[in-house]
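Q: What follows is a predicted protein model with its sequence.
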Amino acid sequence: MKIKNIVVVVFSFVVVVASGQDAYISVTAEKGDGVYSLLRKQGIDPYGTYDDFIALNSENLRDSVHLYEGRTYLLPTPDSVSNANKAKEKAPILEPSVSYPLFGEAYSEVVIKNTLLKDAVYYLISGHGGPDPGAMTTYGGTPISEDEYAYDLTLRLARELLAHGATVYVIIQDKDDGIRDERILKMDRDEVAFPDKVIPLNQTARLKQRVDIVNELHKKHSGQFQRLIVTHVDSRSKGQNIDVFFYHHAKSKNGKKLAESIHNTFKAKYKKYQPNRTYTGTFQDRTSLYLVKKTHPAMTFIEIGNIRNGKDQKRILEPDNRQALAKWISEGVIKDFESGEIGPIR
């Protein structure tokens, strides 16, 4: 997948726009990065005001998170954020929030937007971790690894699903990383398996550990709608640029439907936002993969790009792009749930 025009944002002028009782700073994006860098450049805390910015500019964003070059955006001011918070305190509590420390201090509070997924259980596994960093390469002379980017995307997806009322288990966890908004994600080896198990060095043992955890939880939630999503970053030859693609179990009707639902969401996004570019990502059965073959819930295995390819690195390294991927996947997940069935194992 190729997401264009996500580069450094420069603003040609700043004006003040009156909106209701609040005065907002208006900036015109000429050439730019994402929302986080925009807010930082204006001296605004991107973590405390991100949701306010999205709400102010929701109809003027690509993929719900990306800026359009040449368009004007409103920046949340301290007064507007303060007034909004006061209004929330006075108004009935329609959107309760829940704290999840695993997401890190900046993202730990999750606002429950609705209960679309309140009867669903999701198991999320990010590829590799612990003693196994997965695919590795360098970017700007700095080593980067698959497991860190797959984990960041998985946390973002978990946060999206939780905001819609789902029960979510993050199977591979790094208690001191959280969601990170840097391009270069520092490598470490301290990930554990849910709830706090040391990840084995042996590859087969690592995969079996994950299968056993998921299958035990699947048994615990017997009778509920359950799905598994595994996220990896591919490591093909350096020159190969790939789109996001999906695998499922050959005999799993529900797994195929989940993969197809997310795949169709990606196709629709490409058609809308990149009409001149053909989306070549596919969904297909690949039962030979250990996690696909051995886990009990209906599942999809997602490859989000080639970490060794320059074009794919833009998709993987840009934090706004990782957030867009998480939102697109969550939209496909919701569509799958709304048209889904609990069904037997697989």
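A: Good, I have the coordinates. Residues are numbered from 1 along each chain as shown.
Q: after the helix or strand of the chain with the lowest mean pLDDT, next one along is what?
A: Lowest mean confidence among the helices and strands of the chain (mean pLDDT, DSSP states H and E): strand 10-19, at a mean of 41. The helix or strand immediately downstream of strand 10-19 is strand 22-31, counting by DSSP states H and E.
Q: before we move on, which element is V230 in?
A: Taking DSSP H and E as the criterion, V230 maps to strand 225-234.
Q: cool, L162 as well?
A: Per DSSP H and E: helix 146-163 holds L162.
Q: Relative to K327, how far out is V333?
A: From V333 across to K327, the span is 11 Å (CB to CB, to the nearest Å). All C-beta spots, glycine's among them, are computed from the backbone N, C-alpha and C.
Q: My error: substitute T278 in the last question.
A: From T278 to K327 the distance is 22 Å (CB to CB).
Q: Neighbour count for these two, which is higher?
A: Taking neighbours as other CB atoms under 10 Å, T278 and K327 compare with K327 leading, 18 against 10.
Q: Report all helices and strands that the helix or strand containing the more buried one contacts.
A: For K327, the host element (DSSP H and E) is helix 319-338. Applying 3 or more CB pairs under 8 Å, 6 or more residues apart in numbering; DSSP states H and E, we find helix 319-338 packed against helix 35-41, helix 146-163, strand 225-234, helix 253-273, helix 310-317.
Q: Could you export the ones you listed as TSV, including distance to P101 and mean neighbour count?
A: As requested, these are exported to TSV (distance: least, CB to CB, whole Å; neighbours: other CB atoms under 10 Å):
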stretch	distance to P101	mean neighbour count
helix 35-41	21	19
helix 146-163	12	25
strand 225-234	21	25
helix 253-273	28	20
helix 310-317	25	20
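Q: Quick one: these as CSV, columns for distance to T204 too.
A: Below are the helices and strands packed on helix 319-338 laid out as CSV (distance: least, CB to CB, whole Å):
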stretch, distance to T204
helix 35-41, 39
helix 146-163, 18
strand 225-234, 16
helix 253-273, 22
helix 310-317, 27
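Q: Identify whichever of these lies nearest to K186.
A: helix 146-163 (7.4 Å; CB to CB).
Q: Tell me which residues are up against the next helix-or-strand element following that closest one.
A: Downstream of helix 146-163, the first helix or strand assigned by DSSP H and E is strand 167-170. Residues outside strand 167-170 that contact it (CB atoms under 8 Å, 6 or more residues apart in numbering) are 102, 120-124, 154-155, 158, 161-162, 194, 217, 221.
Q: which residues of the stretch 101-250 of the chain score low on pLDDT?
A: Where the stretch 101-250 of the chain drops to pLDDT under 70, the residues are 235-242.
Q: which residue ranges form the helices in it?
A: Taking DSSP state H, counting those that start in this stretch as the test, the helices found in the stretch 101-250 of the chain are 146-163, 203-220.
Q: Output the ones you listed in JSON lines; the columns should cover distance to N321.
A: As requested, these are exported to JSON lines (distance: least, CB to CB, whole Å):
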{"stretch": "helix 146-163", "distance to N321": "10"}
{"stretch": "helix 203-220", "distance to N321": "26"}
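Q: who wins for proximity to P297 among those helices?
A: Proximity to P297 (CB to CB) singles out helix 203-220 among the helices of the stretch 101-250 of the chain, at 5.2 Å.
Q: counting contacts, what elements does the closest one pack onto?
A: Using 3+ CB pairs under 8 Å, 6+ apart, helix 203-220 sits against strand 120-126, strand 192-193, helix 290-294.
Q: And the next helix or strand past the last one?
A: Okay, so that is helix 290-294. Following helix 290-294 toward the C-terminus (DSSP H and E): strand 298-306.
Q: helices or strands up against that next one?
A: helix 146-163, strand 225-234, strand 245-248, helix 253-273, helix 290-294, helix 310-317.
Q: Save those as a markdown table, and put in distance to G129 too.
A: Below are these laid out as a markdown table (distance: least, CB to CB, whole Å):
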| stretch | distance to G129 |
| --- | --- |
| helix 146-163 | 5 |
| strand 225-234 | 11 |
| strand 245-248 | 19 |
| helix 253-273 | 22 |
| helix 290-294 | 13 |
| helix 310-317 | 16 |
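Q: Among the ones you listed, single out whichever gets nearest to A106.
A: Closest of the helices and strands packed on strand 298-306 to A106 is helix 146-163, at 11.3 Å (criterion: CB to CB).
Q: Tell me the gap between the closest one and the middle of its chain.
A: 5 Å (CA atoms, centre = their mean, to the nearest Å).
Q: which of the helices and strands packed on helix 203-220 is buried the deepest?
A: When these are scored by mean count of other CB atoms under 10 Å, the highest mean neighbour count falls to strand 120-126 (a mean of 24).
Q: Partner strands of that one and their direction?
A: When pairs are called by DSSP bridges, strand 120-126 turns out to pair with strand 167-170 (parallel), strand 225-234 (parallel).
Q: would CSV of the ones you listed with distance to T137 be doable?
A: CSV is the format used below for the strands paired with strand 120-126 (distance: least, CB to CB, whole Å):
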stretch, distance to T137
strand 167-170, 25
strand 225-234, 10
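Q: Out of those, which is closest to S288?
A: That would be strand 225-234 among the strands paired with strand 120-126, by CB to CB, at 14.1 Å.
Q: Sweet, I'm off.
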